[in-house]
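Give me the fold of what follows.
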Amino acid sequence: MKELKYINKYFSKYKWRILIGLVITILAKLLALKVPQIVGDSLNVVEDYQKGILTDYDAVTHQLLINVLIIIGVALLSGFFTFLMRQTIIVTSRLIEFDLKNEIYQQYQRLSLNFYKKNRTGDLMNRISEDVSKVRMYAGPAIMYSMNMIVLFAVGFTQMISIDVTLTMYTLIPFPLLSISIFILSKVIHKRSTVVQQYLSTLTTFNQEFISGISVVKSYGIEKSIIQDFDDIADESKEKNIHLHKANALFFPLMVLLIGISNILVIYVGGKQYIDGEIQIGTIIEFMLYVNILTWPVAVVGWVTSMIQQAEASQLRINEFLKQVPEIQNNNTSTTELEGKVEFKNVTFTYDDTNITALKNISFVVKSGETLAILGKTGSGKSTVIELISRLYDTDNGSIFLDDKPIKNANLDDVRNQIGFVPQDPFLFSESIEDNIKFGKDDATEEEIITAAKNADVHKNIVDFPNGYKTVLGERGVTLSGGQKQRVSIARAIIKKPKILIFDDCLSAVDTETEEKILSNLERISKNITTFIISHRVSSAKNADKIIVLDNGKITQQGTHNQLITEEGYYKELYNQQLLEKEF
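Residues are numbered from 1 along each chain as shown. Predicted coordinates for the structure are as follows:
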């Protein structure tokens, strides 16, 4: 259970709730264990009356009536305490589940972009849902039933020993076998639980990717192939689950068998003692009731053990990334206010997942308020530049400066909050268009939202929708066209009024006329904003203060539009080619 030690901090946080729950559990079970004693006493009274030891019939019936009322009262009170027990311990387990999910979610946000390239979304979703649910079963039901078992055994066996030591010892005979069985089955269940959770993650990942890529599946007509792949994974997952539950299924029959053996021993040994006049008939019945009251806690040992083993396997999977240290660290907790100057000095960067060196010893300076356009072929390193500015990655060699200070010394949260970023592949959430734009500024007014949409040249499209800005988008913004998604993404960035504005080839899905409108608006609103424009179009770059051309991670050209169209190279070739295309 070493992995489950991680959640001990939550037990400490809710210690008073848990302690109250345990006290209530003890009271509930103490009351429940009073019933066998009262029943035994009642039968002994009847036996004494039959033997003539007691002769007053009215006194005997009165005593029996009192005992019946006591049994009813004890049962009602025990049930009430059991209700309170569940309200405290089970509710506490839900609070722990809530806290653990929040901790995992916060860790997901802290972890670097590189982490998400190495892990699959479905697996991460499964860990925050299914795995946490398994841990909750340990934090709630497992603890509650374990406490029930401990109290029942401690009090029950103490009471049994006080009545008859010999009879109690005989009832204990099956329990060493029980302990050995639990030990062996626990190891088997732990191993199989880990495999089951891994297969569940694989199944979740497959479903998530299939649903996200449904348009590709349908357009290629590969539904049958996908269904077959799903069936194969589901069959494997089914077999692993069956394999696990075969081990789980051994527990309950084994417990019932051992309890049955105890009952037989009580009847046989107790019967002999009764015949010999050593005990009364009520003692045998009392022992029978104690043994059967202990049936459930003994039977639940297997279930609790299974829950703990599954929780241990799940917490191990959770701990694998909870203990990971984010690659990108915030080294400064004080406030960082940006002016917008950016400098790359001999920067080299290699992606460790692909081992591709995207940038090779590049240097440039962009002053506050200037616009830099970066052009180059696919894979030349353009997007890597802006990922480094946002500190989604850190450099291997060389340095990046913001306002003449190392970027690593700036407050990471402040830097990102002052950057407006429009990615090449815009991501919109399954919320309203209004909420997607407000993602850039939570407290934006309606007027600010409309102004941002107009500057992104998407306002006219939005008002044509039946619900306008209240239109709820499908997953990843599937309701909108590619150009509309890009323009909503632009509106989201500019409403932020950032100090640094980054456009990563975000106008590729709009026509040239719309592009000119957007660029004209951006030129007007970004006069005092440092702007980076990544593009394949000369039209997007021509008005920039500086232009650099990247090829295979190196700067091959830099200058203004007028300078670059007069010198031989990639920029001039691209300009002439796109000029020719425009004429046709």
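
Grab the most central residue of the chain for me.
Nearest to the geometric centre of the chain sits residue 128, at 2.0 Å (CA atoms, centre = their mean).

Longest helix in the protein, please.
Ordering each helix of the chain by length in residues (DSSP state H) puts helix 57-110 first.

sorry, back to before: hang on, the residue nearest to the centre of the chain is in a strand, isn't it?
No. Residue 128: not assigned to a strand; according to DSSP: H, G, I helix; E, B strand; the rest coil it is helix.

one step back: how about whichever helix or strand comes after the longest helix of the chain: buried residues?
Beyond helix 57-110 in the direction of the C-terminus, DSSP states H and E gives the next helix or strand as helix 113-118. Within helix 113-118, the residues that count as buried by 16 or more other CB atoms under 10 Å are 114, 115. C-betas here are computed from N, CA, C, even on glycine.

got it, and stretch 326-336?
328, 330, 332, 336.

list the contacts for the closest residue to the residue nearest to the centre of the chain other than its chain neighbours?
Distances taken as CB to CB, 6 or more residues apart in numbering place residue 104 nearest to residue 128, at 4.9 Å, with adjacent residues excluded. Residues near residue 104 by CB atoms under 8 Å, 6 or more residues apart in numbering: 127, 128, 132, 318, 322.

Show me which of these are buried.
By 16+ other CB under 10 Å, the contacts of residue 104 give 127, 128, 132, 318 as buried.

Out of the residues you listed, name the two that are farthest from one another.
128 and 318 (8.3 Å; CB to CB).

So residue 189 is in contact with residue 311, correct?
No. Between residue 189 and residue 311 there is no contact under CB atoms under 8 Å: 11.0 Å.

what's the closest non-adjacent residue to residue 370?
Closest to residue 370 by CB to CB, 6+ apart is residue 545, at 4.3 Å.

does the one you found really touch residue 364, like I thought?
No. Residue 545 is beyond contact range of residue 364, at 11.8 Å (criterion: CB under 8 Å).

Residues in contact with both of the two, list them for me.
Between them, residue 545 and residue 364 share these contacting residues under CB under 8 Å, 6+ apart: residue 372.

what about residue 255, neighbour count?
Other residues within reach of residue 255, judged by other CB atoms under 10 Å, total 23.

secondary structure class for it?
Three-state call for residue 255 (three-state DSSP): helix.

The one helix or strand residue 143 maps to vs helix 57-110, what angle?
Following DSSP H and E, the helix or strand that holds residue 143 is helix 143-163. Going by axes from the mean of the first three to the mean of the last three CA atoms, to 10 degrees, helix 143-163 is angled at 150 degrees with respect to helix 57-110.

Can you name every helix or strand that the helix or strand that helix 143-163 is followed by contacts?
Per DSSP H and E, the first helix or strand lying C-terminal to helix 143-163 is helix 165-171. Secondary-structure packing of helix 165-171 (3 or more CB pairs under 8 Å, 6 or more residues apart in numbering; DSSP states H and E): helix 143-163, helix 251-275, helix 281-293.

Only the buried residues of the very next helix or strand once past the last one, if you could.
Okay, so that is helix 281-293. Once the chain leaves helix 281-293, the next helix or strand it forms, by DSSP H and E, is helix 295-322. Residues 295, 297-319, 321 are the ones in helix 295-322 that count as buried (16+ other CB under 10 Å).

now stretch 466-482
Using 16+ other CB under 10 Å as the test for burial, stretch 466-482 gives 469, 471, 473, 477, 479, 480.

Need phi/psi at the fifth one.
The one in question is residue 479. The phi and psi values for residue 479, taken as degrees, to the nearest 10, are phi -60, psi -30.

do the last one as well
Backbone dihedrals for residue 480, given as degrees, to the nearest 10, come out at phi -90, psi 160.

quick one: it from residue 516, how far?
21 Å (CB to CB, to the nearest Å).

Ok, the first one next?
Taking CB to CB as the measure, residue 469 falls 25 Å from residue 516.

Quick one: end-to-end distance for stretch 202-220.
Chord length of stretch 202-220, first to last residue, is 23 Å (CA to CA, to the nearest Å).

ugh, wrong one, stretch 218-229
Start and end residues of stretch 218-229 are separated by 15 Å (CA to CA).

what does the average pLDDT come to for that stretch?
Averaging pLDDT along stretch 218-229 yields 80.

Stretch 27-41 now?
So the average pLDDT for stretch 27-41 ends up being 81.

Ok, stretch 6-18 next?
pLDDT averaged over stretch 6-18 gives 89.

Please apply the same query to stretch 323-339.
84.

Now it - C-alpha only, CSV.
Output in CSV follows, covering the C-alpha atoms of stretch 323-339 (Å, rounded to 0.1, in the frame of the first residue of the first chain):
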residue,chain,number,x,y,z
LYS,A,323,5.4,13.2,-9.0
GLN,A,324,6.7,14.6,-12.4
VAL,A,325,8.3,18.0,-12.2
PRO,A,326,7.3,20.3,-15.0
GLU,A,327,10.1,21.0,-17.4
ILE,A,328,9.1,24.7,-17.6
GLN,A,329,9.5,26.2,-14.1
ASN,A,330,8.3,29.6,-12.9
ASN,A,331,11.5,31.0,-11.4
ASN,A,332,10.1,34.4,-10.3
THR,A,333,7.0,35.0,-8.2
SER,A,334,7.2,38.8,-8.4
THR,A,335,5.2,40.7,-10.9
THR,A,336,6.7,41.1,-14.4
GLU,A,337,5.4,43.9,-16.6
LEU,A,338,6.4,43.6,-20.3
GLU,A,339,7.2,46.4,-22.7
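
which residues touch it?
Contacts to stretch 323-339, defined as CB under 8 Å, 6+ apart, come from residues 107, 110-112, 114-115, 368, 391-394, 402-403, 408-415, 418, 499-500.

Buried members of those into PyMOL, please.
Per 16+ other CB under 10 Å, the buried members of these correspond to this PyMOL selection:
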select buried, resi 107+111+112+114+115+391+392+393+402+403+408+410+411+412+414+415+418+499+500
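
need the helices and strands packed on helix 165-171 in JSON lines with distance to residue 63 and mean pLDDT, can you?
JSON lines is the format used below for the helices and strands packed on helix 165-171 (distance: least, CB to CB, whole Å; pLDDT from 0 to 100):
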{"stretch": "helix 143-163", "distance to residue 63": "20", "mean pLDDT": "81"}
{"stretch": "helix 251-275", "distance to residue 63": "22", "mean pLDDT": "79"}
{"stretch": "helix 281-293", "distance to residue 63": "13", "mean pLDDT": "79"}
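
circling back to that earlier point, tell me the one of the buried residues of stretch 466-482 nearest residue 218?
Distances from residue 218 to the buried residues of stretch 466-482, taken as CB to CB, are shortest for residue 479 (17.3 Å).

residues contacting the closest one?
Contacts of residue 479 (CB under 8 Å, 6+ apart): 471, 472, 473.

Tell me how far it lies from residue 211.
According to CB to CB, residue 479 and residue 211 sit 16 Å apart.

next one: residue 142
Taking CB to CB, one finds residue 142 at 34 Å from residue 211.

These two: who's more crowded?
The neighbour count for residue 142 versus residue 211, taken as other CB under 10 Å, is higher for residue 142 (23 against 10).

Now that one: closest residue in space, sequence neighbours ignored.
Leaving aside its sequence neighbours, residue 142 sits nearest to residue 307 (CB to CB, 6+ apart; 4.5 Å).

Tell me the pLDDT of that neighbour.
82.

my guess is it meets residue 137, correct?
Yes. The pair residue 307 / residue 137 is scored as a contact, 4.7 Å apart, by CB under 8 Å.

Distance from the chain centre to the helix or strand bottoming out on mean pLDDT in the chain, please.
Least confident helix or strand of the chain, by mean pLDDT, DSSP states H and E, is helix 214-220 with a mean of 73. The chain centre lies 29 Å from the centre of helix 214-220; the measure is CA atoms, centre = their mean, to the nearest Å.

Next: stretch 341-352.
Taking mean C-alpha positions (CA atoms, centre = their mean), stretch 341-352 and its chain are 33 Å apart.
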